[in-house]
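*Asks:* Below are the sequence and a predicted model; questions follow.
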Amino acid sequence: MAKVQARVLCPRCFESFTPEIGAGQLCARCVERESDRLVQSQSIEEEPRDVIETAEGTWTRVSDAEASASNSTSEPTAATLTDAIIQFFPRQLREASTWCDGRMPWFRILLWLYLAWTFGRHFGSSEPYRSLFDGINLGIHELGHGIFRPFGIRLMAAGGTIAQLAAPIASLFIFRWQKDFFGISVAICWIATNLWGISVYLGDARAQKLPLLSPGMGLIPGGDTSGMGGVIHDWNFLLGPPGLLKYDTIISGVLATAAVATMLVGLAFGAWLIVRMLLSKDGQKMDWTNFS
């Protein structure tokens, strides 16, 4: 009886395939695509000038001097920090566009739709909307209090917000290091959900109507301004001494505006990536036979 070899998912394009012995974990198409990119990246370091024919067309090797001269005309070296920032984003978009080639957009579309729905709920709900991220954000917030506890009560009070923002920012850099550009767009949206949560909490600094959560004590009802059992309202405690408590709603509005802008950036970037995947010359089509 013939042995049926199991199919696996390619970690690059998520297409299932039957692996060949010694062929690695990528499907044949991704292996070929990676090989072509490697050949193109290595060829610019070689001095001889000759013509190479590939499946995608014909291109010419150039010397290091010619490549340097070409780069100097197309992408001038940044002379100032402002120039470096201006050049940074076009380079990232070009790299992201290349990254989209051949990647499957379908499951990413579902996640993007949920993020867009969350964005709409923040505007359509009379009460502060609680998204899927809120439980994660709250857990990280409470963890931050514990991490900063040894550094004094004031830094401990601020530690929740510090950790709450540090986690999605760290994930953004991790996704960039992994070159997962759609992950970057999700991390940007995650930052926006934290900014929303912080703005709601900060806007309650004077009123103190929001219930407070304390590990070991559970949920403390809103309206208790006595600091029962050592439970304090972070922003009432932080804004009081410098005399900023009367500006709590103004600062909250600024943070809410920043949350909207950040969410729009994340959604716009994610939508652009999805469109690039759909228009990719090696775009993936949903073929359910690949999942049998």
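*Replies:* Looks like it arrived, so ask away.

*Asks:* rest of the way, CA atoms for contacts and neighbours
*Replies:* Will do.

*Asks:* For stretch 237-251, give the mean pLDDT please.
*Replies:* Here stretch 237-251 scores 89 as its mean pLDDT.

*Asks:* Please spell out which residues along that stretch are buried.
*Replies:* Neighbour-count burial for stretch 237-251 flags Phe237, Leu238, Leu239, Leu245, Asp248, Thr249, Ile251 (criterion: 16 or more other Cα atoms under 10 Å).

*Asks:* do the same with stretch 201-209
*Replies:* Neighbour-count burial for stretch 201-209, counted by 16+ other Cα under 10 Å, picks out Tyr201, Leu202, Gly203, Asp204, Ala205, Arg206, Gln208.

*Asks:* among these, which two are most distant?
*Replies:* Tyr201 and Arg206 (10.3 Å; Cα to Cα).

*Asks:* Do you have the helices of the stretch 1-150 of the chain handy? List them.
*Replies:* Taking DSSP state H, counting those that start in this stretch, the helices of the stretch 1-150 of the chain run over residues 28-43, 64-74, 81-100, 106-124, 132-148.

*Asks:* And these: which comes nearest Val265?
*Replies:* Across the helices of the stretch 1-150 of the chain, Val265 has its closest neighbour in helix 106-124 (11.6 Å, Cα to Cα).

*Asks:* Mean confidence (pLDDT) on that closest one, please.
*Replies:* Across helix 106-124, the average pLDDT comes to 87.

*Asks:* tell me what it is packed against?
*Replies:* In terms of contacts (3 or more Cα pairs under 8 Å, 6 or more residues apart in numbering; DSSP states H and E), helix 106-124 is packed against helix 248-279.

*Asks:* Turn the buried residues of stretch 237-251 into JSON lines, including distance to Pro150.
*Replies:* Listed next are these as JSON lines, based on distance: Cα to Cα, whole Å:
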{"residue": "Phe237", "distance to Pro150": "18"}
{"residue": "Leu238", "distance to Pro150": "17"}
{"residue": "Leu239", "distance to Pro150": "21"}
{"residue": "Leu245", "distance to Pro150": "26"}
{"residue": "Asp248", "distance to Pro150": "27"}
{"residue": "Thr249", "distance to Pro150": "30"}
{"residue": "Ile251", "distance to Pro150": "28"}
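
*Asks:* Closest one of those to Val265?
*Replies:* Nearest member of the buried residues of stretch 237-251 to Val265, counting by Cα to Cα, is Ile251, at 21.2 Å.

*Asks:* Kindly provide the distance from the closest one to Ala259.
*Replies:* Going from Ile251 to Ala259 by Cα to Cα, to the nearest Å gives 12 Å.

*Asks:* ditto for Asp248
*Replies:* 16 Å.

*Asks:* cool, and His141?
*Replies:* Distance, His141 to Ala259, using Cα to Cα: 17 Å.

*Asks:* higher neighbour count, those two?
*Replies:* Ala259 (25 against 21; other Cα atoms under 10 Å).

*Asks:* residue contacts, the more buried one?
*Replies:* Contact analysis of Ala259 by Cα atoms under 8 Å, 6 or more residues apart in numbering lists Ile191, Ala192, Thr193, Asn194, Leu195, Trp196.

*Asks:* Just the pLDDT for the nearest residue to the second one once chain neighbours are set aside.
*Replies:* Right, Ala192. For Ala192, ignoring the flanking residues on the chain, the nearest one in space by Cα to Cα, 6 or more residues apart in numbering is Ala259 at 4.5 Å. Listed pLDDT for Ala259 reads 92.

*Asks:* From Trp190, how far out is Ala259?
*Replies:* Note on Ala259: its distance to Trp190, by Cα to Cα, is 10 Å.
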